[in-house]
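A.B. asks: What follows is a predicted protein model with its sequence.
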Amino acid sequence: MMLMRQRAIGDLKWSKKVKTAICFAVLIGLALGVQTWFARQWTFNFDSDEAVIGLMARHVLQGRLPTYMYGQNYMGTLEAILSAGFFHLWGPNVPALRSSAILLYGLFMLLCGLFIHRLWSTQTALITLLVLAFPGWLLLNYTSRSSANFGSMSVVGMTALLLANWRPRQRPGLRCLRWVALGSLLGLGLWIHPMSAIYSAAIGYVIWLSLPEWRLLYGQAQRLCERNLRVPFQALSLPTTAVLAALGILAFFMSGCAPGVMWGILSKMAKLLLMLTCGALGAAVFLISQRRKELLANGLCLATGFALGDLPQWRAWLFFGVAPGSQSLAQCSLGITARVRLIGEQLLPAMWGTPTIKEVFQSPLPRASLWGAILALTLAAVAAFVWSERKAVWSLATLGPLPEANWRSATILLLFVAPLALVAVGANVYDVWQTRYLVIAWQASAVILAVFFARLIARSKGLGLLLIGLWVVGVGLVSTLDVSMLWHNRQDPWPPEAVASLEAYLARNQVKGGYADYWIAYALDFLTQERIALAPYTRLDRFRPYSDQAGSIPVQAYVFWPGVVPEGSKDGAAIVRALSQKVPGQTNDLLMGHLSRQTVFDHQRVGNWDVWLMTDREP
């Protein structure tokens, strides 16, 4: 009888695992279906940022292996390498280029589901996958395209989270191997995209607050404060965290403020104070510990793994003199008020799949009610999560010891808050299109929303399912239909027949290259398989060989969207005057000086573009 009961329990567990796996597969399949649908609309949403990845993938197939994206030195080339594999199978086209992004998104969904299943529950994991299956259209624009390495960054970051929260009791050798693997993922992520530092910071902060040595040191400081200063330690801990945060802002986010000399000195002083503080805390934890050898071994294993994972960056730096750079503009956190307003009015609604606050109020009443309900629902989920996890919030805000029960919520809170904080104090964000900088916060908010829905279902199944349905209809259905209507109500910018007619026109005139706006140039380079070489006439030059080729030919093509240059322009000087009005301060001055001395060889409307063929004046 006992044996039969054990078999029955085993069969029940196996059946439950099979059902969970099927649900996972269905939701991941749904997400991939949405991603594939968006990716197939490539003639509406293809641009030069994505084309650069495609051109790099072509060059990888030809034997080149650059460390960074063309024209920059802060994003790695992993997705270009993956795309090269799909090019080898299906040819160098846009659908093959986007296949790597879709594959990475499916892998991210699987890893995220496993992560939430492990830390919360199967139900919460399934709801998280449902939310992630329907990104708002601005984020969908980046998850379904290989344009900013968000796919590979998310996969590596989620794998690191899984590994960091897996704490089995191991032999020293296996423990070291775990730290090497975690370090490798963090180093690899830093090469892939600088935003991966958010995953690293969240993991590192949680691990630090979870150390038993930190709990002991924190307790000693608490007793010392209360005994000698007669002040409750809680009254000092929060201001201390605020001071450290202010030092961090002063050290890294004030370089764009004026006067530059003064802020530069203050920044260096803040960095020095932060280094001394971190060094003192690290030394104190090490000295107070009874397991110094283990801490030292773990640290060395982590550092070794990080060096291995970040091998492309330090190899390029040490052997080729290419130092890692940054995508950040000159920062000045004095403008934080305007950026906080931008976050609240535009970025958060876009991240959650609704129009901006202004657009919501301008929408018809039924749609405005739907969007308002979704925003209210999401804000309620965030507020409920913060309240229910207030102990973790307090630990994070005061550097307090973090119990194991709060690891999961602390990690999600950091992943949600850190990107928002960086946007608020940084200078890279100025309109709703910069919602892409919140992709990690969106992943965390999906978990927060799923926890909220799971708790609602536990209390009232009908209400919980109703609100999930409302969210799916509003974000998953209405937003998707709106994007589809938007595309089909505007002109297709890259129809294959238009590209073919442009290439044929240039071939008839024996023109092999020229110049165009950045958003046109590299897209046409890729779509014509580099049979023509167009370089940007703006200052953003990603691939110098195109500029060199374009500058060396006797007749050069200038490709514009219709209306940029007046029809009656007779020479290069007239074109330069038109460009100075349309894109003031963005053109390449040296190139414009050369263009102003050229004459018009031919001018025609070809496909979707105005094409001017220019040549040097006859002597």
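C.D. replies: Alright, I've got the coordinates. As the structure is a prediction and not an experimental result, all values here were calculated from the model.
A.B. asks: use CA for all of it now, contacts and neighbours both
C.D. replies: Will do.
A.B. asks: remind me which residues of the protein are low pLDDT?
C.D. replies: The model of the chain has pLDDT under 70 over residues 1-14, 167-173, 326-331, 484-490, 617-619.
A.B. asks: May I see the domains of it written out as residue ranges?
C.D. replies: 1-166, 171-331, 348-477, 496-616 (automatic domain parsing).
A.B. asks: Is residue 605 within a helix or a strand, and which one?
C.D. replies: strand 598-606 (DSSP states H and E).
A.B. asks: could the domains of the chain be laid out in JSON lines, adding distance to residue 339 and mean neighbour count?
C.D. replies: Formatted as JSON lines, the domains of the chain follow (distance: least, C-alpha to C-alpha, whole Å; neighbours: other C-alpha atoms under 10 Å):
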{"stretch": "domain 1-166", "distance to residue 339": "19", "mean neighbour count": "20"}
{"stretch": "domain 171-331", "distance to residue 339": "12", "mean neighbour count": "17"}
{"stretch": "domain 348-477", "distance to residue 339": "5", "mean neighbour count": "19"}
{"stretch": "domain 496-616", "distance to residue 339": "24", "mean neighbour count": "18"}
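A.B. asks: Pop out the phi and psi values for residue 47.
C.D. replies: Per-residue torsions, residue 47: phi -150, psi 180 (degrees, to the nearest 10).
A.B. asks: and the gap between it and residue 190?
C.D. replies: Using C-alpha to C-alpha, to the nearest Å, we find residue 47 at a distance of 25 Å from residue 190.
A.B. asks: for residue 124, same thing?
C.D. replies: Distance from residue 124 to residue 190, by C-alpha to C-alpha: 29 Å.
A.B. asks: returning to what we had before: quick one, which of the domains of the chain gets closest to residue 338.
C.D. replies: Closest to residue 338 of the domains of the chain, according to C-alpha to C-alpha: domain 348-477, at 8.5 Å.
A.B. asks: how far out from the middle of the chain is the closest one?
C.D. replies: Relative to the centre of its chain, domain 348-477 is centred 17 Å away, using C-alpha atoms, centre = their mean, to the nearest Å.
A.B. asks: Span of that domain from start to end?
C.D. replies: 19 Å.
A.B. asks: Repeat that for stretch 526-545.
C.D. replies: Stretch 526-545 end-to-end distance (C-alpha to C-alpha) = 14 Å.
A.B. asks: Numbering from 2 from now on, please.
C.D. replies: Will do, 2 is the new start, and the previous item becomes stretch 527-546.
A.B. asks: Show me what it is in contact with.
C.D. replies: 52-53, 55-56, 71-73, 93-94, 500-501, 504, 513-519, 522-523, 525-526, 547-548, 550-551, 587-589, 592-593 (C-alpha atoms under 8 Å, 6 or more residues apart in numbering).
A.B. asks: If we use 6 Å, what do you get?
C.D. replies: 52, 56, 71-72, 513-519, 522, 526, 547-548, 587-589 (C-alpha atoms under 6 Å, 6 or more residues apart in numbering).
A.B. asks: picking up where we left off before, including distance to residue 341, could the domains of the chain go into JSON lines?
C.D. replies: Listed next are the domains of the chain as JSON lines, based on distance: least, C-alpha to C-alpha, whole Å:
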{"stretch": "domain 2-167", "distance to residue 341": "19"}
{"stretch": "domain 172-332", "distance to residue 341": "15"}
{"stretch": "domain 349-478", "distance to residue 341": "6"}
{"stretch": "domain 497-617", "distance to residue 341": "28"}
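A.B. asks: Those: which one's closest to residue 343?
C.D. replies: domain 349-478 (7.4 Å).
A.B. asks: C-alpha coordinates for the strand holding residue 606, CSV please?
C.D. replies: Extracted as CSV, the C-alpha positions of strand 599-607 are listed here (Å, rounded to 0.1, in the frame of the first residue of the first chain):
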residue,chain,number,x,y,z
GLN,A,599,30.2,70.7,-56.8
THR,A,600,27.7,70.9,-59.6
VAL,A,601,24.6,68.8,-60.3
PHE,A,602,25.3,65.9,-62.7
ASP,A,603,21.7,64.6,-62.6
HIS,A,604,18.6,64.8,-60.3
GLN,A,605,15.7,62.4,-60.2
ARG,A,606,13.0,61.0,-57.8
VAL,A,607,13.9,57.3,-57.5
